[in-house]
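Visitor: the following comprises the amino acid sequence and a computationally predicted model.
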Number of protein chains: 4
Amino acid sequence: MKIDNKFPGKDVSQDDLLNKLPLVAKKNPDHHSNFEIAGITFGGKSLPIMAGPNMIESEELIYDIANNVKKSGAHFLRGGAFKPLTFPYRSEKYTETREKGIRWMVDAAKKVGLPIITEVMEERYLPLISSAADILQIGSRNMQNYPLLTACARTGKPIMLKRHYGASLRDWLGAAEYLMVEGNNKVILCERGISTAHTHKATSRYLLDLQVVPAARELTHLPIVVDPSHATFWSAWVEPMTLAAIAAGADGVMLEVHPDPSNAAIDPLQALDYEGFMNLMLKMKKIAVAIDRDIV
Amino acid sequence: MKIDNKFPGKDVSQDDLLNKLPLVAKKNPDHHSNFEIAGITFGGKSLPIMAGPNMIESEELIYDIANNVKKSGAHFLRGGAFKPLTFPYRSEKYTETREKGIRWMVDAAKKVGLPIITEVMEERYLPLISSAADILQIGSRNMQNYPLLTACARTGKPIMLKRHYGASLRDWLGAAEYLMVEGNNKVILCERGISTAHTHKATSRYLLDLQVVPAARELTHLPIVVDPSHATFWSAWVEPMTLAAIAAGADGVMLEVHPDPSNAAIDPLQALDYEGFMNLMLKMKKIAVAIDRDIV
Amino acid sequence: MKIDNKFPGKDVSQDDLLNKLPLVAKKNPDHHSNFEIAGITFGGKSLPIMAGPNMIESEELIYDIANNVKKSGAHFLRGGAFKPLTFPYRSEKYTETREKGIRWMVDAAKKVGLPIITEVMEERYLPLISSAADILQIGSRNMQNYPLLTACARTGKPIMLKRHYGASLRDWLGAAEYLMVEGNNKVILCERGISTAHTHKATSRYLLDLQVVPAARELTHLPIVVDPSHATFWSAWVEPMTLAAIAAGADGVMLEVHPDPSNAAIDPLQALDYEGFMNLMLKMKKIAVAIDRDIV
Amino acid sequence: MKIDNKFPGKDVSQDDLLNKLPLVAKKNPDHHSNFEIAGITFGGKSLPIMAGPNMIESEELIYDIANNVKKSGAHFLRGGAFKPLTFPYRSEKYTETREKGIRWMVDAAKKVGLPIITEVMEERYLPLISSAADILQIGSRNMQNYPLLTACARTGKPIMLKRHYGASLRDWLGAAEYLMVEGNNKVILCERGISTAHTHKATSRYLLDLQVVPAARELTHLPIVVDPSHATFWSAWVEPMTLAAIAAGADGVMLEVHPDPSNAAIDPLQALDYEGFMNLMLKMKKIAVAIDRDIV
């Protein structure tokens, strides 16, 4: 494909597209990948919704959430058993549930009939996580941890690659090429907020970059999903930014849901409660239909 | 209103809201201003659409554009007769049409029945422009040109205040307070893209910040509109970002329209052509309805 | 001059240099302007130091400061009588001293034998200020207020053009070209901090950009000075960043000095006290000598 | 230590210092760590200089460079045998020399009598690299790869932790705490440029953040070094920014040196040649002396 870019230089150039991103780049303007994961299509007309808690706090909690997001129409259960935190110390509340958490999540997901997406932070847990999850999530901080990317890609499992909060589109697509070069074609890109001078609230560390949705779409055939919860870090902004993500053309959405957000083990400001998620599902469906897509 | 902000500091604090933004700040969470300009309501359920060329190039052109955007459903004719440019030299093509341009615009707008919004760059042209325009536009670069703000506010004319591409929400609301303190209540905020590390294309200088829509809404009762044309600087991204702006809750949209964008006098990469604008109007209406608003 | 830039595009291109910045651009790599203002050379081997309070609070204060910074070796008295503030309301303490302040400053400067630099915010005060000041300062927020730039340039007075905190090097040089195109060759560029994602302290709004010193030097013959006080907004960082500015090749420095910083009318966190300024002068001299320049 | 920060919130708060950074935080304002590595003190009066090529291209090249930087006064040989690149494809020229490169470097360093610093990208090479290197370097992209940090810390080897180009000071200090919590006290921080809206050249991707030197110094006792080569990506800016780094208080400098920079295997725009490095060493010494430090 010839990119229509009169001023090459920064960002993605024609040479990058042809020589450095041969697998990630579109072959022609209408080239869009779609593929099925656990019976759900990514990159098609319908938008998959991934929902769940930031952290799998307990067996009861993950089951309750799984049950609720399933009822509201989510397609994947998300949840973290391993969490990278900025500091090495954790309060009792913050304690990762690790192997146990993964097991609880698998049980809960099976009971309610949802496939699973969860993060891989270390190669040593890859056997455990790839046997449990339907999609392996690479977190923002590991976007350019190439050995981890390669190991994940080689499992053959579908992978969702979160954009680093300081990464250019070029860096992000380069990381996706690291996944595809291993023969793994089920790669999903996920925007989750970037560092900028102004984020509008002392507690918000990121700005959701929706301009990257059409920008990435112009260059790559891979599906692009958006995570407004981590980006906004503020539950009141999650609804408008989720609807905006869908209107901007996102191929799916990942959302944080917790029965009692203010008492969540981590990130208490950003999760939606059950009612908030249910209402947002209804609104997302309307927006999807308005742009000739749907959520089923 | 008590803002729900556990970590004061940067951005807008409770003290700012009470003492520095008494006119701009909401009195309560449901406080939203709406006012009529030339029979069109800003801040209500219906979204005003402002469309036209970046520069009023000729009498024929502005009439043709006015006629076309009116047919497609625009509510205001936008166009610049005075243009701030980064460098002092202008090719023949770039020459501002100034007083003449304003006159052409007034004629065209009258013929097709559209009110006018146009930019004020200098106090000396304020009598001319305030007699011609229904809304005075303060451009991004003049957001903190306080003498100009004060002079514009004192005309009593409605004012659209564009956010500077480097301005925080706090700076922007502060500039709006400068307008309101003069007794002018018809103030509209307009987001038009910010400077960030990554804009995804060598030609794009800005990133459209849609997160500022719910963030501003949380603090101020003033209507907030979005200009995706200047922000994206790339016509292919205008449609998805316009739809996203509406889904995010914007109270209106400003768009650049030109019959032959690649031959426009300035900014040839960002304008929509007539067909592009007409199609976008249809899509905007669907998105508006999906969030219980409309474009009439 | 042919710029050595293999990847044109963003920022300043060869075409910009030749056609848009003919007066600001270097004619050859060794082209450096120098000119005298009140007997002090800018752009030469010796570095002028400009010091004084952010605001001219009273007749006594400005005289006391003038006297002290003169004794420590400053070459220019800086001080603001007109201050652009983010919000329109001022406490009694914040009240601008305006015409009166300018008069006090002229008296103090004359008594101690220092020339004056002060900011012009509005064309209406230009006759007053240009009769009082030796250098007209254009503040960050007015960097692209082109009518003001043109009016200032036409006085023939030397001008110091502060970089807007959101401006690219290209925007900044373009604004300087607006000054030079009026026949005014005594133009000084001043870096004063930019908006970025990380400024290291909740109270700091800017990051001092010293990389712009060699970057601007590569393209323009104009002298480049640095204002670390406004950039860092934190007096403890002023000393190291001032020394760094000189080591990076800055042609001069502007500093805020106040006898009792924590009780200054505005910006109490950033000013140096008399002892701090005196000590810094000694250290600046050593750094200047270490790079074959001096402060005399 | 009580931090003097009236407006907690973003960045590092008092609570962070006390509870999240107990090992990294200063105990009192004069608390500065210093420790010896291969007979060279970090954090003392004298500044260690680390120099060498970006990539260890061949046995001859690394010996020639080692010999030359030693003669000019460098204290450590730097060089990469494993290189993280944005894309998975490498031209023949770009091929990593890996185990072989490490062996060449060890031989060259031994012959000329220099200790070694080199990057660890994967835990699987840690035995090899920790047996070869005197300092383990954690690269920017791995700053928050916590399993890698923990594994490196547990070797007991000194570690230089580069700041991620999108990381806040808080994130960076948090990563350092992950190292120290393993009982490793020989931790060096390294600033190497951040992503910002304006980097002044189409080829430059980062801006060297020198404000972080006093900002980090205010909070942590750990030595802070600066890498101007990667930050500026432009050899002509390396000299002024290196001198500025020392003037700002950096505890050491890392520089890229190559006999023929324009033919270097990677990053041909940023390396100094032998003469450039020798001249810069002389200038660095003068700046160091000017601030009562030295380079011996």
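Guide: Yep, that arrived.
Visitor: who touches residue A:56 in this structure?
Guide: A:62, A:79-81, A:97, A:101-102, A:104-105 (Cβ atoms under 8 Å, 6 or more residues apart in numbering or on different chains). (Each C-beta comes from the backbone N, C-alpha and C, glycine too.)
Visitor: repeat the analysis, applying 6 Å as the threshold.
Guide: A:62, A:79, A:81, A:97, A:101, A:104-105 (Cβ atoms under 6 Å, 6 or more residues apart in numbering or on different chains).
Visitor: assign the nearest residue in space to it that is not next to it in sequence to helix, strand or coil.
Guide: Excluding its sequence neighbours, the residue lying closest to residue A:56 (Cβ to Cβ, 6 or more residues apart in numbering or on different chains) is residue A:101, at 3.8 Å. For residue A:101, the assignment made with DSSP: H, G, I helix; E, B strand; the rest coil gives helix.
Visitor: count of neighbours near residue A:101?
Guide: 23 (other Cβ atoms under 10 Å in any protein chain shown).
Visitor: need the pLDDT of residue A:12.
Guide: Residue A:12 is assigned 83 on the pLDDT scale.
Visitor: and what about the closest residue to it other than its chain neighbours, helix, strand or coil?
Guide: Nearest non-adjacent residue to residue A:12, counting by Cβ to Cβ, 6+ apart: residue A:170, 4.9 Å away. For residue A:170, the assignment made with three-state DSSP gives helix.
Visitor: measure how buried residue A:170 is and give me the count.
Guide: Neighbours of residue A:170 using other Cβ under 10 Å come to 21.
Visitor: circling back to that earlier point, would you confirm that the residue nearest to residue A:56 contacts residue A:82?
Guide: No: at 7.9 Å, residue A:101 does not count as touching residue A:82 under the criterion of Cβ atoms under 6 Å.
Visitor: now the lengthiest helix in chain A: mean pLDDT?
Guide: Secondary structure of chain A read by DSSP state H shows that its longest helix is helix A:274-290. Averaging pLDDT along helix A:274-290 yields 98.
Visitor: quick one: contacts of that helix?
Guide: By Cβ under 6 Å, 6+ apart, helix A:274-290 touches A:47, A:68, A:72-73, A:239, A:243, A:246-247, A:257, A:294-295, B:247, B:286-287, B:290.
Visitor: one step back: relative to chain C, which of the contacts of residue A:56 is nearest.
Guide: Nearest to chain C out of the contacts of residue A:56 is residue A:79 (Cβ to the nearest Cβ; 29.0 Å).
Visitor: distance of the closest one relative to residue A:96?
Guide: Distance of residue A:79 to residue A:96, given as Cβ to Cβ, to the nearest Å: 12 Å.
Visitor: these two: which is more packed in?
Guide: The neighbour comparison of residue A:79 against residue A:96 (other Cβ under 10 Å) goes to residue A:79, with 29 against 18.
Visitor: would you confirm that the more buried one contacts residue A:53?
Guide: Yes: counting by Cβ under 6 Å, residue A:79 does reach residue A:53; the two are 5.3 Å apart.
Visitor: run the chain-centre distance for the helix or strand of chain A with the lowest mean pLDDT.
Guide: Here the helix or strand of chain A ranked lowest by mean pLDDT, DSSP states H and E is helix A:14-15, holding a mean of 82. Helix A:14-15 sits 28 Å away from the centroid of its parent chain (Cα atoms, centre = their mean, to the nearest Å).
Visitor: ok, stretch A:288-296 next?
Guide: Worked out by Cα atoms, centre = their mean, stretch A:288-296 lies 20 Å from the chain centre.
Visitor: buried ones in it?
Guide: A:288, A:290-291, A:293, A:295 (16 or more other Cβ atoms under 10 Å in any protein chain shown).
Visitor: what about that stretch, start to end distance?
Guide: Taking Cα to Cα, to the nearest Å, the first and last residues of stretch A:288-296 lie 10 Å apart.
Visitor: got it, and stretch A:181-198?
Guide: Stretch A:181-198: ends 37 Å apart by Cα to Cα.
Visitor: which residues are contacting that stretch?
Guide: Counting by Cβ under 6 Å, 6+ apart, A:35, A:42, A:140, A:153-154, A:158-163, A:165-166, A:176, A:179-180, A:206-209, A:212, A:222-227, A:230-231, B:168, B:196, C:195-197, D:88, D:166 sit against stretch A:181-198.
Visitor: and that stretch, which residues are buried?
Guide: A:181-182, A:184, A:186-198.
Visitor: do the same with stretch A:68-88
Guide: A:68-70, A:72-84, A:86-88.
Visitor: and what of stretch A:22-36?
Guide: Buried, per 16+ other Cβ under 10 Å, within stretch A:22-36: A:23-26, A:33, A:35.
Visitor: out of those, the closest to chain B would be?
Guide: For the buried residues of stretch A:22-36, the nearest to chain B is residue A:26 (13.5 Å; Cβ to the nearest Cβ).
Visitor: in this structure that closest one contacts residue A:218, no?
Guide: No: Residue A:26 is beyond contact range of residue A:218, at 8.1 Å (criterion: Cβ under 6 Å).
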